[in-house]
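>>> This is the structure alone, sequence omitted:
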């Protein structure tokens, strides 16, 4: 039997880009069945999967193909025997996979991350909250052991104020960018300085408008929030919602 790595699912008429290599440099090919196909390569043997290079190779294959056509990405580390690609993956699920591809057809994903500029936001939080300002003044120049309780309270108030601001402002940013997308997902974050971490499903014919909206947001909040735009990539965050 031959262990086979599966990257994603596509329409069977896809022409795999020439020279596209997957994990371990193995060439990527298409296994087709009744209108659907799986992007596969030989799986590395003699070692466990999960290296940084493996992850990069998986994403490179999926996103290279997604630049041109709709791809349903498989979970990283999906390895099955070669006959099972058709017998267990494609054939039993033709209708639902076809519907999922149809739902996502003509769309790609962008991810947008926004982080507060720490010092700027801290200054603004102090100005906006008299209790924080008073505590900060009280502990200034006082040894830590002599101001432990005040410092603990100060830290709690600052984190709480930043979290509340991030929820409020991040919600507005998410809503504004969602107006340029077909769907959007806000990812949970435990970092109070992460004001935005959202995925957007964007029609291919609106990529310029979406990128312009992100640029405008960056211009409006320059010096306060640093934005990072990732994409276009395969619709990783929207596969489960398709169909």
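That came through fine. Everything numeric here is computed off the predicted structure, so don't read it as measured data.
>>> Give me the next element, helix or strand, following the helix or strand bottoming out on mean pLDDT in the chain.
Every helix and strand of the chain was ranked by mean pLDDT, DSSP states H and E. The lowest is helix 130-139, at a mean of 80. Remark: after helix 130-139, the chain's next helix or strand is helix 148-178, criterion DSSP states H and E.
>>> which parts of that next one are buried?
151, 153-154, 157-158, 161-163, 165-166, 169-170, 173-174, 177-178 (16 or more other C-beta atoms under 10 Å). The C-beta positions use only the backbone N, C-alpha and C, and glycine is treated the same way.
>>> Which of those residues lies at the shortest distance from residue 17?
Nearest to residue 17 among the buried residues of helix 148-178 is residue 177, at 30.0 Å by C-beta to C-beta.
>>> Distance check, that closest one against residue 89.
Using C-beta to C-beta, to the nearest Å, residue 177 is found at 34 Å from residue 89.
>>> same question, residue 175
38 Å.
>>> Could you do residue 238 as well?
20 Å.
>>> now do residue 218
41 Å.
>>> With residue 74 instead?
According to C-beta to C-beta, residue 74 stands 9 Å off from residue 89.
>>> if I look at the two, which residues touch both of them?
6, 9 (C-beta atoms under 8 Å, 6 or more residues apart in numbering).
>>> wait, what's in contact with the residue of the chain lying at maximal distance from its centre?
Here the centre of the chain is the reference, and by C-alpha atoms, centre = their mean the most remote residue is residue 146, at 44.5 Å. Applying C-beta under 8 Å, 6+ apart to residue 146 gives no contacts.
>>> And it, what's its pLDDT?
On the pLDDT scale, residue 146 is placed at 74.
>>> from memory residue 234 sits against residue 110, does it?
No: counting by C-beta atoms under 8 Å, residue 234 stays clear of residue 110, with 11.3 Å between them.
>>> Name the spans of this protein whose pLDDT lies under the cut-off.
Where the chain drops to pLDDT under 70, the residues are 1, 241-243.
>>> now the helices: where do they sit in it?
52-66, 82-84, 94-104, 118-128, 130-139, 148-178, 207-220 (DSSP state H).
>>> For residue 11, which of these is the nearest?
helix 94-104 (6.6 Å).
>>> Okay, buried residues for the closest one please.
Applying 16+ other C-beta under 10 Å to helix 94-104 flags 97-98, 100-101, 103-104 as buried.
>>> For those residues, give me CSV that also has distance to residue 59.
Putting the buried residues of helix 94-104 into CSV (distance: C-beta to C-beta, whole Å) gives the following:
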residue, distance to residue 59
97, 21
98, 24
100, 20
101, 19
103, 22
104, 17
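>>> Which of the residues you listed sits closest to residue 35?
Nearest to residue 35 among the buried residues of helix 94-104, with distances taken as C-beta to C-beta, is residue 98, at 6.9 Å.
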